[in-house]
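Enquirer: 3D, please:
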Amino acid sequence: MTQRVVCAVDNSPAADHVVAHAAEIADRLGLDLTLLHVAQDGPHASGNRAAVERGRRGAWEAAQELFYRLRVDNGLGREAPGEVLFGSPVDQLERISKEPDVALIVVGSRGHGALRAAMTGSVSHSLTSRASCPVTVVPPTASERIVGTSTVA
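Expert: The predicted structure is shown next:
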């Protein structure tokens, strides 16, 4: 079983920056790279399965466009498959971290600071305490140049 780096992405301006770091880490470690987007469900009228399915289809299509753009922008070609999950980003990333082929998860940080993260919640902060594999958090101020697996500022 090939080990992989899972890079969680969203539609934020930092996504390209995070993917660039994840791609370089995966390359240096000789691991595969998977792009992952977690879309939250709802809100939908209770029991309206058709609305849920339409929402999920729209989110899946938007994620495919995001994956395509990130692959093109980062010169990845088709080498980085994309996966779309639904639900809480932290819960889904925690679940993914337990998969035996996942060696590392790479996520971005919006750089809002500890106080705001404590007040509003932070996927990166929560994930670092809940994940079953190592997690690399790429802050928005991280340098583009990576040496080994450490970022050089």
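Enquirer: for the rest of this, base every contact and every neighbour count on C-alpha atoms.
Expert: Noted.
Enquirer: which stretches of this structure have low pLDDT?
Expert: By pLDDT under 70, the weakly predicted segments of the chain are 1, 42-47, 110-121, 143-153.
Enquirer: ok, longest helix in this protein?
Expert: helix 49-73 (DSSP state H).
Enquirer: got a list of contacts for the following helix or strand past it?
Expert: Per DSSP states H and E, helix 49-73 leads on to strand 82-86 as the next helix or strand towards the C-terminus. Strand 82-86 is contacted from outside by 34-41, 56, 60, 63-64, 67, 92, using C-alpha atoms under 8 Å, 6 or more residues apart in numbering.
Enquirer: next helix or strand past strand 82-86?
Expert: Strand 82-86 is succeeded, C-terminally, by helix 89-97 (DSSP H and E).
Enquirer: report all helices and strands that that next one contacts.
Expert: strand 32-39, strand 102-108, helix 123-130 (3 or more C-alpha pairs under 8 Å, 6 or more residues apart in numbering; DSSP states H and E).
Enquirer: quick revisit: what would the contacts of strand 82-86 look like in JSON lines with neighbour count?
Expert: Output for the contacts of strand 82-86, formatted as JSON lines (neighbours: other C-alpha atoms under 10 Å):
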{"residue": "Thr34", "neighbour count": "21"}
{"residue": "Leu35", "neighbour count": "24"}
{"residue": "Leu36", "neighbour count": "24"}
{"residue": "His37", "neighbour count": "25"}
{"residue": "Val38", "neighbour count": "22"}
{"residue": "Ala39", "neighbour count": "20"}
{"residue": "Gln40", "neighbour count": "14"}
{"residue": "Asp41", "neighbour count": "15"}
{"residue": "Arg56", "neighbour count": "19"}
{"residue": "Trp60", "neighbour count": "19"}
{"residue": "Ala63", "neighbour count": "24"}
{"residue": "Gln64", "neighbour count": "17"}
{"residue": "Phe67", "neighbour count": "24"}
{"residue": "Gln92", "neighbour count": "16"}
